[in-house]
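Student: what shape does this take:
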Amino acid sequence: PMRQVADTLGRHGIAVLRFDDRGTGASTGDHATATSADFADDVRAALAYLRLRPEVDPARLGLVGHSEGGLIAPMVASTDLGLRAIVLMAGPSQTGRQILRYQLRAGIERAPSMSATQRDSALRGVDATVDSLGRAQPWVRFFLDYDPLPTARRVRVATLILQGETDRQVTADQALLLERAFRAGGNRQVTRRVFPEANHLFLQ
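Tutor: Sure thing, here's the model as predicted:
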């Protein structure tokens, strides 16, 4: 979907920069030890690069972030007053702990091959599973405890929130919570749109 978004923006005369995460492709750095905060720093570096490009208007820069990108874009916008706008596609309003707990519980409850006893046992182990994930990886540890709402309240740039109604990874109700947080901080340039029957990738 991001390739299609970039292509469509380009066809409308909007320059797009896409880059590999650190430690991926030709990008340097260590992906295994990085967190979303580190990826936000990488985005800041990308913006600094764009501001040096003669064909790019530095006063009209924006960010489009999907899923984790929808968590990172407000991080950057809260400190970069030169941004023009951000677009959040399926951006979360909950902590990673809340999101993972929901995802694990939903997967267990929908598993057709589980008996009632197996399901109950698996549900009781959800919190322990989430905690063990946090101990294993720096990215997960940061994600579990990071609350996007305080950051959203510090964002002043125009914000577009896009959400799929049937998204089972970042639930549709989170879009409204994000909108409220942005507005609570004094941001009056906030628009929210929920697409019926669209999932996490905005596909039906």
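
Student: can you map out the helices along this protein?
Tutor: Applying DSSP state H to the chain gives helices spanning 2-11, 36-50, 68-77, 96-109, 116-124, 126-136, 138-145, 148-152, 173-184.

Student: export the shortest one as PDB, just CAs?
Tutor: In other words, helix 148-152. This file holds the C-alpha atoms of helix 148-152, laid out as PDB (Å, rounded to 0.1, in the frame of the first residue of the first chain):
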ATOM      1  CA  PRO A 148       0.800   7.900  22.100                       C
ATOM      2  CA  LEU A 149      -1.800  10.300  23.600                       C
ATOM      3  CA  PRO A 150       0.500  12.700  25.500                       C
ATOM      4  CA  THR A 151       2.500  13.200  22.400                       C
ATOM      5  CA  ALA A 152      -0.600  13.800  20.300                       C
END
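
Student: that helix: which residues count as buried?
Tutor: P148, L149, T151, A152 (16 or more other CB atoms under 10 Å). C-beta: built from backbone N, CA, C; applies to glycine.

Student: wait, what's in contact with the last one?
Tutor: So the one you mean is A152. Applying CB atoms under 8 Å, 6 or more residues apart in numbering to A152 gives the contacts P74, S93, L178, A181, F182, G185.

Student: ok, now the third one?
Tutor: With contacts defined as CB under 8 Å, 6+ apart, the neighbours of T151 are P74, M75, S78.
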